[in-house]
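Q: predicted coordinates and the sequence they were generated for:
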Amino acid sequence: MPPTREEARVARFRQIVDNVRSGSDVKTASVRGGAYAGLALGADFFIRMASTAVLARLLVPENFGLLAMVAAIAVVAERFKDLGLSLATVQSREITHQQVSTLFWINGALGIGTAMVVAGLSTPISVFYHDDRLVGITLAIASTFVWGGLTIQHEALLRRTMRFGLISGIGLGATIVSTVLAISLAAAGFGYWALVLREVCRSVLLAVGLWSACRWIPSLPVRQSGAGAMMRFGGHVALVQMMSMLGQNVGAIVIGRAFGAVPVGLYRQSQNFAQYPFDQLSYPVWVVCEPALSRLQDEPEKYRRYFNQVLTLFSAITMPLAAFLVFYADRIVLLIMGAKWIEATTIFQIIAIAAFITPVSNTIGLVMVTCGQTKRYMSLGLLGACVLVGLSILGTLWGPNGVASAYVCTACLMLWPRLQFGFKGTPVSRSLFLKVLARPLAASVGMAAALLMLRTYVPLSSPGLDIALGMAAGFSMFACCWLALPGGRAEVAQLSAHIIEALRGRRGRGELPVSG
């Protein structure tokens, strides 16, 4: 007899989730997937920067500020539609069709419910900010939650099977199409609606792309599917993410309330601009390493070696990048966004200073999540979010610059408790973490000294030439300092060999070389 519709769906599900790498292939799959995702995200970054340069000249800061006022509130609600269930699907050792189907309907219901709540808040939001234009913007943004809720589990299944290049490609395609739409609308005089419809268009395209890539059809939810434990796991993560989003966006909320659309537009754009490169770099680290480290959590030695390699490469990129952005913030803002955005320079610099610490500090959370320490992750995350919210509100006494400074203060204050408690019960130790960071930290300090001298004694009138010279000199100095430090040459050679081997797809025993 031919299989029933339900049996066919289960078989299709098993075909998808069983297409997963064995332990010996985790290294190759994760590095190759990270490379593909990195290339796609690099292209996405270039497109976003180019579109920002165009839109910043077609529109005014107030247009960006109007969207930022709504986004600052909506982005907190966005985490509620997920409820951490995507990570539960990725992290669980074993999953069934019934479990993921149940989670799909939960995410779908949460997405619709979140959209209704956000839509219902449209009038209160406009009253809070004293601007009636925010009603229509809020209603349009609310629709994106519906599409997002219906794709969470499909993306999670693609992540679980390490199809990171495909996920990034879908995101890149959605970014290109929605960006072309936004620029066309801005040129036609649609003002802030060009930015709003860009977000709506991108959410629809992502939904279509993810459903097309993951041809899994969920069944009706099952009460006794075992999804309850996954929801409890995801709930801890979701609570941290929501509080983190609140902390990151409370600045835009209070600035918009106190000072209006123009200051919040300057603040939000400079914040996004300074954080975006690090978000793009962090994404492949989290998305690629979540399933890889989750599978290695019962093999401590392999886990340590894998994390060592990841942290070495990640810190070697983010730390010098943050140093460069601090010294060249004014030139970057002038070149990409134009002279009318020059007031955003100080905020840009402050956020870049925080980015020197925050990305590498967040990898401690990655360790806790992949080792199942979600309660501790939740506790530290809630503490950090509360500190950031409190300092952001206090910072409004000094205007947008004071709010931005809350990020630096929070990053410094939270580093100690994360180091003290984050690694307990995991294969990673505090000493290993600090040892890995010692070399990129020292090399970044040498790079910062070189950039300071360059900006002081070799001023150039052209922002483009100034940035190009700074990049060449700064990153050359970083490389020289790294190689000059004890063990630097050996570490570079070892890490390069490891990446090349993985990209070529060689099969070994799954051993990950230890750095330095």
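A: Here it is on my side, so go on.

Q: which element, helix or strand, includes the nearest residue to residue 325 once chain neighbours are set aside?
A: Excluding its sequence neighbours, the residue lying closest to residue 325 (Cβ to Cβ, 6 or more residues apart in numbering) is residue 352, at 3.9 Å. C-beta here means a position set from N, CA and C on the backbone, and glycine is covered the same way. Element membership for residue 352 (DSSP states H and E) is helix 345-355.

Q: go on, residue 217?
A: Assessed by DSSP H and E, residue 217 sits outside every helix and strand.

Q: from residue 98, how far out is the closest residue to it other than its chain neighbours?
A: Excluding the flanking residues, the one nearest residue 217 by Cβ to Cβ, 6+ apart is residue 9, at 5.5 Å. Residue 9 is 10 Å from residue 98, where distance means Cβ to Cβ, to the nearest Å.

Q: with residue 157 instead?
A: For residue 157, the distance to residue 98 - Cβ to Cβ - is 14 Å.

Q: of the two, who's got more company?
A: Taking neighbours as other Cβ atoms under 10 Å, residue 157 and residue 98 compare with residue 157 leading, 23 against 20.

Q: host element of that one?
A: Assigned by DSSP H and E, residue 157 falls in helix 152-160.

Q: now do the buried residues in the helix or strand that that helix is followed by.
A: As assigned by DSSP H and E, the chain's next helix or strand after helix 152-160 is helix 164-187. Buried positions in helix 164-187, judged by neighbour count with 16 or more other Cβ atoms under 10 Å: 164-176, 178-179, 181-183, 185-186.

Q: then stretch 423-439?
A: 423, 426, 427, 428, 433, 436, 437, 439.

Q: now, among those residues, which is nearest to residue 120?
A: residue 426 (41.9 Å; Cβ to Cβ).

Q: can you count the residues close to the closest residue to that closest one other than its chain neighbours?
A: Excluding the flanking residues, the one nearest residue 426 by Cβ to Cβ, 6+ apart is residue 371, at 4.4 Å. By the measure other Cβ under 10 Å, the count of residues near residue 371 is 24.

Q: what sits against residue 371?
A: 293, 297, 425, 426, 427 (Cβ atoms under 8 Å, 6 or more residues apart in numbering).

Q: touching, the third one and residue 375? I think so.
A: No - look at residue 425 against residue 375 with Cβ atoms under 8 Å: they stay out of range, at 10.6 Å.

Q: on that earlier part again, for the helix holding residue 157, packing partners?
A: When contacts are defined as 3 or more Cβ pairs under 8 Å, 6 or more residues apart in numbering; DSSP states H and E, helix 152-160 packs onto helix 5-17, helix 85-91, helix 97-120, helix 164-187, helix 192-213, helix 261-295.

Q: re the thing from before, from residue 214, how far off is the residue nearest to residue 217?
A: 13 Å.

Q: more neighbours, those two?
A: Set residue 9 next to residue 214 and count neighbours by other Cβ under 10 Å: residue 214 wins out with 20 against 17.

Q: now the more buried one, nearest residue through space, not along the chain?
A: residue 154 (4.2 Å).

Q: same thing with residue 112?
A: Closest residue to residue 112 apart from its sequence neighbours, by Cβ to Cβ, 6+ apart: residue 146 at 5.6 Å.

Q: which residues touch that neighbour?
A: Going by Cβ under 8 Å, 6+ apart, residue 146 touches 111, 112, 115.

Q: relative to residue 44, how far out is the last one?
A: Put plainly, it is residue 115. 25 Å.

Q: ok, now the second one?
A: From residue 112 across to residue 44, the span is 28 Å (Cβ to Cβ).

Q: looking at the two, which is more packed in?
A: Taking neighbours as other Cβ under 10 Å, residue 112 and residue 44 compare with residue 44 leading, 23 against 15.

Q: what residues are up against that one?
A: Listed by Cβ under 8 Å, 6+ apart, the contact set of residue 44 reads 168, 171, 172, 175, 280.

Q: in what helix or strand does it lie?
A: Residue 44 belongs to helix 26-58, assigned by DSSP H and E.

Q: can you pull up the most central residue in the chain?
A: residue 279 (3.8 Å; Cα atoms, centre = their mean).

Q: confidence score at that residue?
A: Model confidence at residue 279, given as pLDDT, is 80.

Q: for the helix or strand encompassing residue 465, buried residues please.
A: Element membership for residue 465 (DSSP H and E) is helix 463-484. By neighbour count on 16+ other Cβ under 10 Å, the buried set for helix 463-484 is 463, 466-467, 469-470, 473-475, 477-479, 481-482.
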